[in-house]
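Participant: Need a 3D model of the sequence below.
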Amino acid sequence: MIIRECFRVFDEVGGSRAIPEEAYDSQGELDEDDIFCAHCLSKECDDDNDILLCDGYCDRAYHQHCLDPPLLHLPKDDEDWLCPACDCKIDALYYLNLGTAQQLWFDVKWTEIFAKEAAEGPPGGPAGPAAGLPTLLQALLPEDESDDEDFVP
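Facilitator: Next comes the predicted model:
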């Protein structure tokens, strides 16, 4: 269940909007007017806050300052850039494939990997970008941090 929820969160990215398929031409290119930030939905950009297209399969773009943490320097001209969700998904898939007999590919959506569960929705509530995330975090984080030397109640 934890793995499924991680992949769902990677793909849904907190409700961020992807650039619609119909915005791409027959060669997969986008017109500059069709590019918008998945976080704030604005098309406006400037030299200090450019919009970067993710080179992953999420079809999203982000302002430098809409990312958390903000991206202070643009990648070099030929360097690929992945949004935080795609970057995490690649790492998760690498380790999942390493530890199992399956070979899952980056471009496969969570709804294809977990079709039955996707139809049912996340555990404990309706489907949505952040639904199930608190449950996921509770499963991953310890309940009691009193043994942690940095813990200050």
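Participant: Could you find the closest non-adjacent residue to the residue nearest the centre of the chain?
Facilitator: Centrality entry for the chain: nearest residue to the mean C-alpha point is Ala85, 2.7 Å, by CA atoms, centre = their mean. Nearest in space to Ala85, with sequence neighbours left out and distances taken as CB to CB, 6 or more residues apart in numbering, is Val13 at 4.5 Å. No exception for glycine: its C-beta is placed from N, CA and C like everyone else's.
Participant: Per-residue pLDDT of that neighbour, please?
Facilitator: pLDDT, Val13: 70.
Participant: Next: the one 5 residues further on.
Facilitator: According to the per-residue confidence, Ala18 scores 86 in pLDDT.
Participant: how about low-confidence regions in this structure?
Facilitator: When residues are selected by pLDDT under 70, those of the chain lie in 1, 14-15, 78, 122-153.
Participant: got the residue ranges for the strands in this protein?
Facilitator: Using DSSP state E, the strands of the chain run over 51-53, 61-63.
Participant: re earlier: which residues does the residue nearest to the centre of the chain contact?
Facilitator: By CB atoms under 8 Å, 6 or more residues apart in numbering, Ala85 lies in contact with 9-11, 13, 16, 56, 58.
Participant: Quick check: the two most widely separated of the residues you listed?
Facilitator: Greatest spatial distance in those: Val9 and Gly56, 14.6 Å, computed using CB to CB.
Participant: hey, which helix is longest across this protein?
Facilitator: Criterion DSSP state H: the longest helix present in the chain is helix 84-99.
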